[in-house]
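only geometry, no sequence info:
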């Protein structure tokens with residue numbers, strides 16, 4: 001009787017040992033989003049510089065941060081349709097405002113951003129396309 005009880009306990013322990021990895025690796029639901037969404041981001045081609053250096057950038061608003069804020073105000077949440085026109089309009093307005101704030105102040109402010117339309121599934125970008133490039137060259141010494 002004792003031998004049979006021991007065998008049953010061993011079989012139970014073995015089956016728990018084999019079943020536990022299956023339980024841990026099994027998903028409780030569909031973790032993948034069901035559909036693709038459109039989102040927008042900036043690809044920094046040339047970083048924000050003042051007089052060719054990052055040393056003086058702290059005294060100016062960062063144009064990348066301002067541009068991201070403009071994108072999120074115009075297009076707060078990714079969806080299946082996207083809204084290129086609204087995002088470009090918001091970015092154009094922000095670009096003009098930024099250039100207007102610092103034109104004539106003496107320091108040469110430069111950077112280049114590409115506005116990118118991304119088709120995403122979850123956090124994974126499946127396709128992207130540059131839809132506009134913004135070149136900041138404020139107070140250029142080349143005239």
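Here it is on my side, so go on. Given the structure is predicted, the values throughout are model-derived calculations rather than measurements.

Now do the helix or strand where residue 94 lies: distance to the chain's middle.
In the assignment (DSSP states H and E), residue 94 maps to helix 84-102. Its chain's C-alpha centre and that of helix 84-102 lie 19 Å apart, by C-alpha atoms, centre = their mean, to the nearest Å.

If you compare the directions of the very next helix or strand once past it and helix 84-102, what angle comes out?
Scanning forward in sequence from helix 84-102 by DSSP H and E, the next helix or strand is strand 109-121. With axes from the mean of the first three to the mean of the last three C-alpha atoms, to 10 degrees as the basis, strand 109-121 and helix 84-102 are set at 160 degrees to each other.

Determine the set of other helices and strands touching strand 109-121.
Counting contacts by 3 or more C-beta pairs under 8 Å, 6 or more residues apart in numbering; DSSP states H and E, strand 109-121 is packed against strand 37-50, helix 63-74, helix 84-102, strand 124-138. Every residue, glycine included, has its C-beta placed from N, CA and C.

what pLDDT, on average, does that strand get?
Strand 109-121 shows a mean pLDDT of 97.

Each with direction, which strands does that strand pair with?
Strand pairing for strand 109-121, determined by DSSP bridges: strand 37-50 (antiparallel), strand 124-138 (antiparallel).

closest one to residue 112 among the ones you listed?
The closest of these to residue 112 is strand 37-50. By C-beta to C-beta, the value is 4.1 Å.

what comes into contact with the closest one?
54, 56-57, 59-60, 62-64, 67-68, 71, 75, 78-82, 87, 107-121, 130, 133, 136 (C-beta atoms under 8 Å, 6 or more residues apart in numbering).

Equivalent analysis for stretch 127-141, please.
Stretch 127-141 has contacts (C-beta under 8 Å, 6+ apart) with 43, 45, 48, 63, 67, 84, 88, 91, 95, 98-99, 102-119.
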